[in-house]
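[1] Would you be able to build a 3D model of this:
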Amino acid sequence: MLVLRGSDSGSQPAKSANASSAGQSVATGNSDGESAAGREAGGGQPDDSWQPYTGPVPILMYHVIGDPVGEVPYPDLWLSESDFQAQVDWLAENDYTAVTLVQVQNAWYDGGTLPEKPIVLSFDDGVLGQYVYGLPILREKGWAGQLNLKAEGSDLSSEQVLKMARAGWEIASHTINHFDLTTLDPASLEQELAGSKQQLEDELGIEIVNFCYPAGQYNDTVIEAVKAAGYRGATTVNPGLGERTMPSN
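    The predicted structure is shown next:
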């Protein structure tokens with residue numbers, strides 16, 4: 001699912017492992033949604049220019065914001081603070097507005113509104129640079145991101161995550177242990193899905209509505225387990241745009 005292609009300018013978000021992954025697409029959507037609380041807050045704040053919208057929405061995926069010190073595993077997942085700032089500036093200059101996945105779902109399924117050019121900026125795992133650099137850079141634009149948080153093993157404290165949530169960020173589950181869900185037995189799969197949702201809700205005191213597949217890996221069994229765990233939707237890394245008509249892609 002190709003999310004957003006730039007031209008040759010290094011400041012434009014592009015299909016680059018350095019800038020973002022190939023992108024995140026929406027999968028396993030529950031179009032009816034079940035929680036008003038989970039459908040309300042976060043993201044850019046609506047104004048009179050926002051309109052009903054059911055079209056495709058690009059979703060960019062980021063991992064580590066900052067500069068690596070020495071050799072690091074997966075160096076392509078790192079993006080410098082200055083490059084991230086340049087990408088956010090480019091998006092704003094080209095009339096994009098960052099929103100949360102919940103806001104997109106509200107527009108797709110519940111008659112909500114979105115800006116003319118919505119985009120979701122998602123951040124995987126809960127890495128410190130997402131809080132130190134990502135939070136203030138997006139806040140300057142009045143934007144928020146989607147934090148796909150592991151229930152255990154993240155760099156972020158509960159206080160930091162809650163500060164992001166209060167700034168409008170959506171907090172989504174990214175499992176407990178970041179396993180490939182397609183390899184798990186039913187009990188382990190349920191623990192990673194329902195267990196992570198419950199653990200994050202208990203620890204943070206907020207509702208967890210959406211899910212992100214570790215490494216984008218899923219199959220029909222995993223899709224059904226995500227639905228059974230009570231998530232409204234999930235993201236993966238298929239190239240392209242998020243579409244309301246692709247709930248199981």
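[2] average pLDDT across stretch 155-162?
    The predicted model gives stretch 155-162 an average pLDDT of 97.
[3] buried sites along it?
    If you call a residue buried by 16 or more other C-beta atoms under 10 Å, then stretch 155-162 has these buried ones: 156, 160-162. C-beta: built from backbone N, CA, C; applies to glycine.
[4] quick one, longest strand in the chain?
    strand 118-125 (DSSP state E).
[5] Can you give the contact residues for that strand?
    Residues from elsewhere that reach strand 118-125 (C-beta atoms under 8 Å, 6 or more residues apart in numbering): 4, 24, 53, 57-63, 65, 88, 91, 96-101, 103-104, 107, 130, 134, 138, 143, 145-150, 154, 172, 174, 178, 212, 235, 242.
[6] give me that answer again for 6 Å
    The contact list for strand 118-125, computed with C-beta atoms under 6 Å, 6 or more residues apart in numbering, reads 24, 57-63, 96, 98-99, 101, 130, 145-148, 150.
[7] Name every strand pairing with it and say which way it goes.
    strand 59-62 (parallel), strand 97-98 (parallel), strand 146-149 (parallel) (DSSP bridges).
[8] Would you mind writing the CA trace of the last one as PDB?
    C-alpha atoms of strand 146-149 as PDB (Å, rounded to 0.1, in the frame of the first residue of the first chain):
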ATOM      1  CA  GLN A 146      -0.800   7.400  16.400                       C
ATOM      2  CA  LEU A 147       1.500   5.600  18.800                       C
ATOM      3  CA  ASN A 148       1.500   1.800  18.300                       C
ATOM      4  CA  LEU A 149       2.700   0.800  21.700                       C
END
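[9] Skip ahead from it and say which helix or strand is next.
    Sequence-wise, the next helix or strand downstream of strand 146-149 (DSSP states H and E) is helix 158-166.
[10] Which strands and helices lie in contact with that following helix?
    The helices and strands touching helix 158-166, judged by 3 or more C-beta pairs under 6 Å, 6 or more residues apart in numbering; DSSP states H and E, number zero.
[11] Could you check the angle that helix makes with strand 118-125?
    170 degrees (axes from the mean of the first three to the mean of the last three C-alpha atoms, to 10 degrees).
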